[in-house]
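*Asks:* Sequence below, structure please.
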Amino acid sequence: MAALFMDLLGRERVGVDDNFFALGGHSLLAARLVALVRTDFQVDMTLLDLFDRPTVAGVAAFVDQASGDPSRGGTR
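*Replies:* Numbering: from 1, shown residues only. Coordinates of the predicted model:
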């Protein structure tokens, strides 16, 4: 997940608690991130989900939960 943030935001480093929007993310980049999450992880994420969980850790937790993979902490 951090790699997606780094690529989209042009950063060399991103921490798990870094906020996508505080790092310079905007609505167009947010839409690209959501599309990449959908494609890369086959998880139905919306822009609202990203606004609710804008950190690397938050998006990763969302993916884990939405994927339902018990070995990754999912609940479905």
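
*Asks:* From here on, just use CA atoms for contacts and neighbour counts.
*Replies:* Fine.

*Asks:* isn't there a strand covering A22?
*Replies:* No: A22 sits outside any strand when classified using DSSP: H, G, I helix; E, B strand; the rest coil, being coil.

*Asks:* got a pLDDT number for it?
*Replies:* A22 is assigned 97 on the pLDDT scale.

*Asks:* what do you get for the one 4 residues further on?
*Replies:* Among the per-residue scores, H26 shows a pLDDT of 97.

*Asks:* what do you get for T75?
*Replies:* pLDDT, T75: 38.

*Asks:* Buried residues in stretch 43-52, which are they?
*Replies:* 43, 45-47, 50-51 (16 or more other Cα atoms under 10 Å).

*Asks:* Does V14 belong to a helix, a strand or coil?
*Replies:* In three-state terms, and counting by three-state DSSP, V14 is coil.

*Asks:* Would you quantify the distance from it to V43?
*Replies:* Counting by Cα to Cα, to the nearest Å, the gap from V14 to V43 is 22 Å.

*Asks:* same thing with F20?
*Replies:* To V43, F20 is 19 Å away according to Cα to Cα.

*Asks:* Please apply the same query to F5.
*Replies:* 17 Å.

*Asks:* ok, now G10?
*Replies:* G10 is 24 Å from V43, by Cα to Cα.

*Asks:* Check the secondary structure at the most centrally placed residue in the chain for me.
*Replies:* Centroid check for the chain by Cα atoms, centre = their mean gives V59 as the closest residue, at 3.6 Å. Following three-state DSSP, V59 is assigned to helix.

*Asks:* for this protein, what's the longest helix?
*Replies:* helix 27-41 (DSSP state H).

*Asks:* Tell me the buried residues in that one?
*Replies:* 29-30, 33-35, 37.
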